[in-house]
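Colleague: Output the structure for:
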Amino acid sequence: MSHVANIPRMERRDEWECPIGVKPPKLPAYLDGAIEPFEFNEDSVYGSFWFFKILGELQTEHEEAGGGRAPGFIHNKISILNAWREHRLFGLRMASTESVDKHHPSYSDIPSDEPPVYQYLWKNHTARNGCVEYAFPLFCVVEHAGHLDDLCNITNNNIEYLWVAKRARGVGLGRCMSNEMACDAVFDVLPSCVEFWRKVGFEMPKPADRKRKISNAN
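Modeller: Okay, the predicted model is just below:
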């Protein structure tokens with residue numbers, strides 16, 4: 001079986017601008033908390049909780065795919081750990097509301113015709129004092145570290161990894177995450193993901209652009 005190589009780089013289209021507001025994901029109405037990006041290692045108390053949530057989810061997905069040499073981000077766990085330590089690992093969180101809390105599995109009155117809250121959210125049961133309580137099962141690794149408020153002003157920043165758990169795909173969370181990061185390019189794109197990146201504002205570099213970049217590098 002022939003191997004299809006990854007796309008080394010896709011770049012933001014020229015007309016794209018850092019968004020002031022991001023189109024919200026298409027979530028069930030009861031998930032009505034405000035959505036905003038956060039850094040997984042933004043505090044020393046609970047930062048490790050989110051890192052291990054990522055690893056656990058990746059391991060589960062890997063085993064469901066057959067384990068062993070099956071593809072998956074679990075093979076990149078050292079890179080993800082380094083990104084966490086270097087403050088380059090970001091995600092999306094949802095603010096706690098009465099409706100979100102009510103639909104958590106610890107309650108018994110979840111409507112049977114609605115997907116449970118854990119389809120879309122991780123919950124930190126130990127969160128206190130304004131720390132992140134609910135986070136979406138996804139992550140994004142960027143090339144250069146920076147405070148969230150400054151990401152739009154970091155030139156030549158790039159997305160290295162973007163991952164969304166299978167159970168939470170198809171509702172716009174990946175698009176929301178990529179827009180929030182305001183990066184210029186994405187590296188090492190899987191062939192199966194090219195269409196997704198096109199939809200969220202990226203394109204293949206034009207031949208002239210690639211030649212100019214190589215010339216400038218020399």
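
Colleague: ok, Pro137 touching Trp122?
Modeller: Yes: between Pro137 and Trp122 there is a contact at 5.7 Å, judged by CB atoms under 8 Å. Where C-beta positions appear, they are placed from N, C-alpha and C, glycine not excepted.

Colleague: okay, and the common contacts of these two?
Modeller: 53, 57 (CB atoms under 8 Å, 6 or more residues apart in numbering).

Colleague: What residues sit buried inside stretch 89-100?
Modeller: Buried residues in stretch 89-100, counted by 16 or more other CB atoms under 10 Å: 89-94, 96, 100.

Colleague: Convert the C-alpha atoms of it to PDB, please.
Modeller: Provided in PDB are the C-alpha atoms of stretch 89-100 (Å, rounded to 0.1, in the frame of the first residue of the first chain):
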ATOM      1  CA  LEU A  89      -0.800  24.200  24.600                       C
ATOM      2  CA  PHE A  90      -4.200  25.800  24.400                       C
ATOM      3  CA  GLY A  91      -7.900  24.700  24.500                       C
ATOM      4  CA  LEU A  92     -11.400  26.000  24.800                       C
ATOM      5  CA  ARG A  93     -13.400  26.200  28.000                       C
ATOM      6  CA  MET A  94     -17.100  26.800  28.900                       C
ATOM      7  CA  ALA A  95     -18.200  28.800  31.800                       C
ATOM      8  CA  SER A  96     -20.300  26.900  34.400                       C
ATOM      9  CA  THR A  97     -24.000  27.700  34.300                       C
ATOM     10  CA  GLU A  98     -27.100  26.300  36.000                       C
ATOM     11  CA  SER A  99     -28.000  24.500  32.800                       C
ATOM     12  CA  VAL A 100     -24.500  23.100  32.200                       C
END
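
Colleague: what's the closest non-adjacent residue to the most centrally placed residue in the chain?
Modeller: Nearest to the centroid of the C-alpha atoms of the chain, with distances taken as CA atoms, centre = their mean, sits Phe139, at 3.2 Å. Counting by CB to CB, 6 or more residues apart in numbering, Gly91 is the residue found nearest to Phe139 once chain neighbours are left out, at 5.2 Å.

Colleague: which SSE is that neighbour in?
Modeller: strand 89-94 (DSSP states H and E).

Colleague: Report the buried residues of the helix or strand containing His62.
Modeller: Assigned by DSSP H and E, His62 belongs to helix 47-64. Residues of helix 47-64 classed as buried: 47, 49-51, 53-54, 57-58, 61-62 (neighbour count, 16+ other CB under 10 Å).

Colleague: now, among these, which is nearest to Arg198?
Modeller: Distances from Arg198 to those, taken as CB to CB, are shortest for Glu61 (24.4 Å).

Colleague: From Ala29, how far off is that closest one?
Modeller: Glu61 is 27 Å from Ala29, where distance means CB to CB, to the nearest Å.

Colleague: Tell me the spacing between His103 and Trp50.
Modeller: 21 Å.

Colleague: In this structure, mark out all the strands, start to finish.
Modeller: Applying DSSP state E to the chain gives strands spanning 7-12, 35-39, 89-94, 122-123, 134-135, 138-142, 158-164, 185-189, 202-203.
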